[in-house]
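Undergrad: when you get a sec, could you give me coordinates for this:
(chains A and B)
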Amino acid sequence: MEKLASLIIIIGTFLWLFSILVLEGRWQWQMFSALVLTVGIFSAHFWEELRDTDSTEDSGDE
Amino acid sequence: MARERVSQADEWQSWAQRYDIEGGIRTFESGLTVKVFVGALFVGLLMMPGSIYLSYVSGQSGAEAAPWVAVILFTELARRSFTTARRQELYMLLGLTGAAVGSGMQYRNFIWYAYFVNTPQAASYEIADKIPDWIVPAGDSVGVLTRSLMHPDWFLPIAIYLVGKLLGTLRFVSGQYILFRLTADLERLPYPMAPIAAQGATALAETTGKEETWRWRVFSIGSMAGLIWGFLYIGVPSLTGVMMSQPIQILKIPWIDFTQSIEGFAPTGVFAFRTDFGQMLIGFVMPFPIIMTEFITAMASQFILNPQILYRYEILHQWSPGLDVRGVGLFNGLDFWISYGMGKSFSLALVGMAASIPMLFKLRRSQKKAGERGSFATPPNRGDFPIWLMGLMWLVGMVGFVWLIHWMVPNFPISFLIGYAFLYTPINSYITARTFGVLGRDLFEIPYLHEITFILSRYEEVDIWFAPLPDEDYGRGTQSWRVLELTGTTFTSNLAGTLLIMPILLVSGIVVLHFIWKIAPIPSAQYPFAQMMWPINATNECLWKTSLRDGNSQMLQAIRGDYVAAGFTSSLAIYGMLWVFKLPSMWYYGIIGGIGADPGSMVTRLLGAVIGRFYMIKRFGMRRWYMFNPVLAAGFACGVGLIGMGTVAIALVSKAVIVKPF
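TA: Model (predicted):
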């Protein structure tokens, strides 16, 4: 999940750079990149929170 | 070597632990005694005029000094009387004195709008005659022209303010309390920043023992530095202003503008060195990564991004040589940075949601599994209130507030007000309370909410811009209840103290502000900060308040979708890439704060951060240095505040003598 989130964020960032450098910074393309980045950032945080819960449970069991 | 991933919550909590000297206590006592009440009133009201005066002279009210002056006096008196001051008393004293000294500034909008209504900007944007009479009397009224808050013209604005204050107290006390019970008692959230706030009172409580501690010495060093700095920065201009038409400023207030000096190699760049060295103390306290990244980003913005990219590609097109920092800032803002900043704000909101919403899911999961997340049962003798009573108070306060707004702007759709009051406010407050409980800061904030509302409502009158909306946030205030708990102060004594002092402060605040306004027009040469900043603030306010007007709104023309999208997406990309490379999330807040900002305003803060990080920590050790910090800052603020109080006293006496015609 961590790697997937990282990949989505990197793709979103490249899309944004592409929209600025090649597509003259049109807002539609930028917002599309933002959508991809949003998915990546939310995945990253969900992974962080769920990972923490799991690790707490593990340590509690020991 | 692979870097370890640290979640945002862990990162902020570990920073907060530097200040956490002790975990708090769980026995409760009342902090409200007659000597505390009288002491708070005495010091607070004594320093209040100085605080108001300072805010117009230098932009810093120095109000934070007063509570510490009261505490120092109190502890010294206790020592000399061979008694001890309890931490509950000292915490209560801090709170009540803070309220007392800030009581004049609660009316500052009256003075601002009395100025604004007669500005050329308000006239040229055609809003001067549309400002409602419940905000300020007409520009040609006697109350405004004679600078008298005691004139009957001011009765309506003052009455509306007082009713709003009463209803606000009902809502905020109850709303904060209910959320505190939910997040601290039931969910057992740690509130990592609360121990820092509790530390001041607990630190000084021990000085009433027989032996003198390091705290007294550190406080004295801070006070002396504050006295010297306050004399040079505030005392000299204020005292010479009494005798001369143009005051002497040893260091120019509020900044020394280098914008025209750099325009040769950095056109459209700004650099105005802020001369307030008191900012160094903020640098001591704030996380170093934030200050450093903020400054580097601001430098890159003004020396590379603005001149080499945005100016070269004619995105910043209104700039012309010879403009000062205010002119360049205004044109750059209209050309690009206002739009970019809007996008940036939306990204902050989204990042906040991304951090806080998964926390809600985590709570639900752990509740199901553990089944023992704490309970609503309260610790004995904490002085709790019945939840139903608090709920009723909130309901009365909110219904009254909605009715008041409806009375002020009767044509504005009431459905929006009800939606904000009973849907948005509870959800927003709960999410903020949780982020405060976990991170010690607010992450969830929807930017430009009012503007969006006004567009959706299709309401075009200017009066709505002056009315409050019931989109409130009680989440921040939950932390103060946690601080009460940590200091062992009963909730009932705190509420009683607040309610007892309020009527006195409501009256005294307006009387003092009235007399300060009588000294000289605000802004004028007597008040250099107000004279420098208020005209540009008036222009900005006009731009905003006419932004939704059909046809010729300068602000609406300035907002461009592609630039807003650039601000939004680039900020998300920065946050995302920091996460990918496992870099601290603090960098994000530094970068976002610094991008497009004036680096000159950050130099003194940076200086403080560098001295703290590379000298003080090495000299004293990290733990001791973070123990010194709040006490040193309090001492400095105390010194500056005393100078402010002294100069305003001289100015008041001098004006009282001069204005008499016989």
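Undergrad: which bits of the stretch 501-650 of chain B sit near chain A?
TA: Proximity of the stretch 501-650 of chain B to chain A (Cβ under 8 Å from any Cβ of the partner chain) is limited to residues B:561-562, B:564-566, B:568-570, B:572-573, B:575-577, B:579-580. Every C-beta, even on glycine, is put in place using the N, C-alpha and C of the backbone.
Undergrad: by residue count, which helix of chain A is the longest?
TA: helix A:27-61 (DSSP state H).
Undergrad: elements contacting that helix?
TA: Helix A:27-61 sits against helix A:2-21, helix B:338-370, helix B:561-580, with contacts defined as 3 or more Cβ pairs under 8 Å, 6 or more residues apart in numbering or on different chains; DSSP states H and E.
Undergrad: out of those, which one sits most buried?
TA: helix B:561-580 (a mean of 24; mean count of other Cβ atoms under 10 Å in any protein chain shown).
Undergrad: contacts for whichever helix or strand comes after it?
TA: For helix B:561-580, the succeeding helix or strand toward the C-terminus, using DSSP states H and E, is helix B:585-594. Helix B:585-594 has contacts (Cβ atoms under 8 Å, 6 or more residues apart in numbering or on different chains) with B:8, B:11, B:15, B:287, B:289-298, B:301, B:344, B:347-348, B:351, B:571, B:574-575, B:578-579, B:602.
Undergrad: name the residue of the stretch 101-250 of chain B that lies nearest to chain A.
TA: Nearest to chain A in the stretch 101-250 of chain B, going by Cβ to the nearest Cβ, is B:Arg188, at a distance of 13.3 Å.
Undergrad: okay, now that residue: neighbour count?
TA: Look at B:Arg188: counted by other Cβ atoms under 10 Å in any protein chain shown, it has 12 neighbours.
Undergrad: with B:Leu499 instead?
TA: 11.
Undergrad: pull the contacting residues for it.
TA: B:Thr169.
Undergrad: check which residues of whichever strand or helix holds it are buried.
TA: Using DSSP H and E, B:Leu499 sits in helix B:491-519. Neighbour-count burial for helix B:491-519 flags B:491-498, B:501, B:504-506, B:508-510, B:512-519 (criterion: 16 or more other Cβ atoms under 10 Å in any protein chain shown).
Undergrad: then stretch B:637-649?
TA: Quick answer for stretch B:637-649 (16+ other Cβ under 10 Å): B:Ala637, B:Cys638, B:Gly639, B:Val640, B:Gly641, B:Leu642, B:Ile643, B:Gly644, B:Met645, B:Gly646, B:Thr647, B:Val648.
Undergrad: return the member of those nearest to chain A.
TA: Distances from chain A to those, taken by Cβ to the nearest Cβ, are shortest for B:Ala637, at 37.7 Å.
Undergrad: and the strand or helix carrying that closest one, average pLDDT?
TA: Under the criterion of DSSP H and E, B:Ala637 resides in helix B:622-658. Mean pLDDT, helix B:622-658: 75.
Undergrad: tilt between it and helix B:491-519?
TA: Helix B:622-658 and helix B:491-519 are oriented at 40 degrees to each other (axes from the mean of the first three to the mean of the last three Cα atoms, to 10 degrees).
Undergrad: which strands and helices lie in contact with helix B:622-658?
TA: Helix B:622-658 packs on helix B:34-58, helix B:65-80, helix B:194-205, helix B:214-230, helix B:236-243, helix B:279-285, helix B:491-519, helix B:617-620, going by 3+ Cβ pairs under 8 Å, 6+ apart.
Undergrad: least confident of the ones you listed, on average?
TA: helix B:194-205 (a mean of 67).
Undergrad: ok so, going back, show me what counts as buried in the longest helix of chain A.
TA: Applying 16+ other Cβ under 10 Å to helix A:27-61 flags A:27, A:29-34, A:36-38, A:40-49, A:52-53 as buried.
Undergrad: how far off centre is that helix?
TA: Relative to the centre of its chain, helix A:27-61 is centred 7 Å away, using Cα atoms, centre = their mean, to the nearest Å.
Undergrad: quick one: mean pLDDT for that helix?
TA: Helix A:27-61 shows a mean pLDDT of 77 in the predicted model.
Undergrad: over to stretch B:563-576?
TA: Computed over stretch B:563-576, the mean pLDDT rounds to 93.
Undergrad: could you tell me which residues of the stretch 201-350 of chain B lie near chain A?
TA: Counting by Cβ under 8 Å from any Cβ, the stretch 201-350 of chain B sits next to chain A at B:Leu350.
Undergrad: in the stretch 201-350 of chain B, what residue is nearest chain A?
TA: Evaluated by Cβ to the nearest Cβ, the stretch 201-350 of chain B has B:Leu350 as its residue closest to chain A, separated by 6.3 Å.
Undergrad: same question, the stretch 301-450 of chain B
TA: B:Pro358 (3.9 Å).
Undergrad: show me what contacts that residue?
TA: Residues near B:Pro358 by Cβ under 8 Å, 6+ apart: A:Phe42, A:His45, A:Phe46, A:Glu48, A:Glu49, A:Leu50.
Undergrad: the fourth one contacts B:Glu11, doesn't it?
TA: In this case it means A:Glu48. No - using Cβ atoms under 8 Å, A:Glu48 is not in contact with B:Glu11; the gap is 11.2 Å.
Undergrad: quick one: contacts for B:Phe416?
TA: So B:Phe416 contacts B:Thr453, B:Leu456, B:Ser457, B:Leu469 (Cβ under 8 Å, 6+ apart).
Undergrad: closest to B:Thr487 out of these?
TA: B:Leu469 (34.3 Å; Cβ to Cβ).
Undergrad: pretty sure the closest one sits against B:Leu417.
TA: Yes - with contacts counted by Cβ under 8 Å, B:Leu469 reaches B:Leu417, the gap being 7.1 Å.
Undergrad: which neighbours do these two share?
TA: Shared contacts of B:Leu469 and B:Leu417 (Cβ under 8 Å, 6+ apart): B:Ile405.
Undergrad: what sits against B:Val69?
TA: B:Val43, B:Met47, B:Thr97, B:Cys638, B:Gly641, B:Leu642.
Undergrad: likewise for B:Trp255?
TA: Applying Cβ under 8 Å, 6+ apart, we find B:Trp255 in contact with B:Ala272, B:Phe273, B:Arg274, B:Thr275, B:Val325, B:Gly600, B:Ser601.
Undergrad: can you lay out the helices and strands packed on helix B:622-658 as TSV showing distance to B:Gln479?
TA: Below are the helices and strands packed on helix B:622-658 laid out as TSV (distance: least, Cβ to Cβ, whole Å):
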stretch	distance to B:Gln479
helix B:34-58	21
helix B:65-80	17
helix B:194-205	5
helix B:214-230	24
helix B:236-243	36
helix B:279-285	17
helix B:491-519	14
helix B:617-620	27
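Undergrad: out of the ones you listed, nearest to B:Ala122?
TA: Once the helices and strands packed on helix B:622-658 are compared by Cβ to Cβ, helix B:491-519 is nearest, at 18.9 Å.
Undergrad: and the next helix or strand past that closest one?
TA: helix B:528-545.
Undergrad: what comes up buried for that next one?
TA: Within helix B:528-545, the residues scored as buried using 16+ other Cβ under 10 Å are B:528-535, B:537-543, B:545.
Undergrad: what does stretch B:467-476 give?
TA: Those would be B:Ala467, B:Leu469, B:Pro470, B:Asp471, B:Glu472, B:Asp473, B:Tyr474, B:Gly475, B:Arg476, for stretch B:467-476 by 16+ other Cβ under 10 Å.
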